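**Q** Sequence and computational prediction follow.
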Amino acid sequence: MALSTTDFSGLTAYLDEVFLDASSQSVEQMGSKELFDIQDTDREDYIYRVLHGVAGIRKVAEGADFPIVSGLQGDSATWTQVEYGAAIQVTDRIRRFWLENQPSLEEQVRTITDESFHKIDQSLADVLIHGFSAANYVDVYNETVGATCPDAVAVFSASHTNGATSATFSNLIQYPVGTVNPPLSREAIVQARVDALNYKDPNGLNRPIVLDLLIVPPSKYDEGLRHTGSDKISGSFENDINPLKGNVRVMQWSKLTTAADTTNGSAFWYMADSRNVKKSLKAFFGKRPSLEAPTDVQENADWNYRLFFYYSIGRAWPCFIWGSNGTSA
């Protein structure tokens with residue numbers, strides 16, 4: 001039976017259920033939710049200031065005032081909200097020949113909802129794939145975006161600066177020492193963990209970073225598990241234990257295989273401090289994906305439901321995420 005304007009509220013409730021169900025399934029597949037600090041904001045321009053490390057703890061003489069904490073803040077960045085969306089048309093023809101649970105309309109809502117979350121996920125994965133160059137790149141929305149951190153260098157770089165002192169920092173994985181971007185190997189994982197544990201903040205204080213999460217595309221997942229999950233050292237003829245077992249977890253993220261601009265990331269691999277990585281990778285949502293019903297509903301006109309969202313991607317001080325593009329093989 002044909003749908004009239006009196007059926008609008010029922011149709012809206014039905015499409016909302018479809019949207020929520022599709023959203024739930026899509027979010028489960030997003031690898032970015034484990035690495036990025038995804039939070040809501042009501043600011044169109046989010047001004048981020050990097051806090052590299054505070055100093056001030058020292059011996060306090062009897063009767064003296066406590067020293068004032070001083071923060072080394074030298075970098076800042078502004079992340080601007082961008083709107084993305086699409087219109088889902090419920091045409092007069094669809095309503096006129098309406099069948100309950102009409103597959104074409106339900107699948108249209110499911111597909112566009114799924115697309116919205118997968119595009120968000122891909123745009124965040126591209127931050128890592130394009131993290132080895134400071135050059136702009138074209139994202140999944142076919143827009144040109146910047147690739148640098150607040151210190152104006154690539155996400156993964158040997159020359160991160162803090163803007164307050166002359167100290168520099170590298171989060172490029174190396175093996176052997178002095179050779180960056182090695183292919184995935186047990187030895188390179190071990191070296192990265194050692195380097196991260198020796199991390200010093202701009203004050204020169206050792207603040208160990210525990211790289212306990214190995215992030216790989218599906219093509220590297222089996223290899224990653226062998227390096228980190230075996231009781232014995234994989235490929236070794238010696239009956240030697242594998243100290244990485246229980247200390248490194250492997251995460252595979254399908255979006256890391258190929259970037260939106262077809263950049264091949266299948267050889268790339270990354271390590272993160274799972275407790276702190278969200279301090280380095282940000283995603284601020286002015287509005288998360290939602291389905292909005294039309295406000296003007298006419299009997300013989302199309303009813304346009306809008307699926308839209310606002311968000312911005314932020315690259316902060318990247319000491320909690322490390323990477324290798326495997327090019328030194």
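**A** Arrived safely, thanks for sending. Numbering: from 1, shown residues only.
**Q** how about the helices in the stretch 51-200 of the chain?
**A** Here the stretch 51-200 of the chain has its helices, by DSSP state H, counting those that start in this stretch, at 92-96, 103-129, 186-197.
**Q** Figure out which of the ones you listed is closest to Ser280.
**A** Ser280 sits nearest to helix 103-129 of all these, at 10.1 Å, using CB to CB. Placement of C-beta: from N, CA and C, glycine included.
**Q** list the buried ones in the closest one?
**A** For helix 103-129, the neighbour count (16 or more other CB atoms under 10 Å) marks 105-106, 108-110, 112-113, 115-129 as buried.
**Q** what's next to stretch 187-206, contact-wise?
**A** 52-53, 55, 72, 162, 164-165, 167, 169-170, 173-177, 182, 207-211, 214, 227-228, 244, 248, 271, 273, 319, 322, 324 (CB atoms under 8 Å, 6 or more residues apart in numbering).
**Q** Would you list the buried entries among those residues?
**A** In the contacts of stretch 187-206, the ones that pass as buried (16+ other CB under 10 Å) are 52-53, 72, 162, 164, 167, 169-170, 173-175, 182, 209-211, 214, 227-228, 244, 248, 271, 273, 319, 322, 324.
**Q** what is Leu214 paired to in the beta sheet?
**A** Beta-bridge pairing of Leu214 under DSSP bridges involves Val250, Met271.
**Q** Check the gap between it and Leu35 for me.
**A** Using CB to CB, to the nearest Å, Leu214 is found at 12 Å from Leu35.
**Q** before we move on, what about Gln191?
**A** From Gln191 across to Leu35, the span is 22 Å (CB to CB).
**Q** the more surrounded of those two?
**A** Each of Gln191 and Leu35 has its neighbours counted (other CB atoms under 10 Å); Leu35 has more, 25 against 18.
**Q** Nearest residue to His227 in space, ignoring adjacent ones along the chain?
**A** Arg186 (4.3 Å; CB to CB, 6 or more residues apart in numbering).
**Q** Give the closest residue to Met114 in space, chain neighbours not counted.
**A** Rather than Met, residue 114 is Asp. Ser26 (5.0 Å).
**Q** wait, is that neighbour part of a helix?
**A** Yes. Counting by DSSP: H, G, I helix; E, B strand; the rest coil, Ser26 falls inside a helix.
**Q** tell me, how many neighbours does it end up with?
**A** Neighbour tally, Ser26, other CB under 10 Å: 19.
**Q** Now do the buried residues in stretch 193-202.
**A** Buried residues in stretch 193-202, counted by 16+ other CB under 10 Å: Arg193, Asp195, Ala196, Tyr199, Asp201, Pro202.
**Q** The residue nearest to Ala147 when sequence neighbours are not counted: neighbour count?
**A** Of all residues not flanking Ala147 in the chain, His130 sits nearest, at 5.0 Å (CB to CB, 6+ apart). By other CB under 10 Å, 25 other residues sit near His130.
**Q** distance of His130 from Arg315?
**A** 10 Å.
**Q** shared neighbours, those two?
**A** What both His130 and Arg315 touch, as defined by CB under 8 Å, 6+ apart, is the set Val155.
**Q** Pretty sure Tyr221 sits against Gln252.
**A** Yes. If you go by CB atoms under 8 Å, Tyr221 and Gln252 touch, sitting 4.1 Å apart.
**Q** JSON lines please, covering the buried residues of stretch 193-202 and showing pLDDT and distance to Thr80.
**A** Shown next, in JSON lines, are the buried residues of stretch 193-202 (pLDDT from 0 to 100; distance: CB to CB, whole Å):
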{"residue": "Arg193", "pLDDT": "98", "distance to Thr80": "36"}
{"residue": "Asp195", "pLDDT": "98", "distance to Thr80": "34"}
{"residue": "Ala196", "pLDDT": "98", "distance to Thr80": "32"}
{"residue": "Tyr199", "pLDDT": "96", "distance to Thr80": "31"}
{"residue": "Asp201", "pLDDT": "88", "distance to Thr80": "29"}
{"residue": "Pro202", "pLDDT": "85", "distance to Thr80": "28"}
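**Q** which of those lies closest to Ser328?
**A** Asp195 (15.2 Å).
**Q** Now do the strands in the stretch 151-300 of the chain.
**A** Assigned by DSSP state E, counting those that start in this stretch, the strands in the stretch 151-300 of the chain fall at 160-161, 168-169, 213-216, 249-252, 269-272, 281-292.
**Q** out of those strands, nearest to Trp79?
**A** The nearest among the strands of the stretch 151-300 of the chain, by CB to CB, is strand 281-292 at 6.2 Å.
**Q** Report the separation between Thr78 and Thr6.
**A** 48 Å.
**Q** So which of these two has more stuff around it?
**A** Comparing Thr78 with Thr6 by other CB under 10 Å, the one with more neighbours is Thr78, at 12 against 8.
**Q** How much space separates that one from Ser312?
**A** From Thr78 to Ser312 the distance is 9 Å (CB to CB).
**Q** Gln298: what's it in contact with?
**A** Contacts were defined as CB under 8 Å, 6+ apart; by that measure Gln298 touches Thr5.
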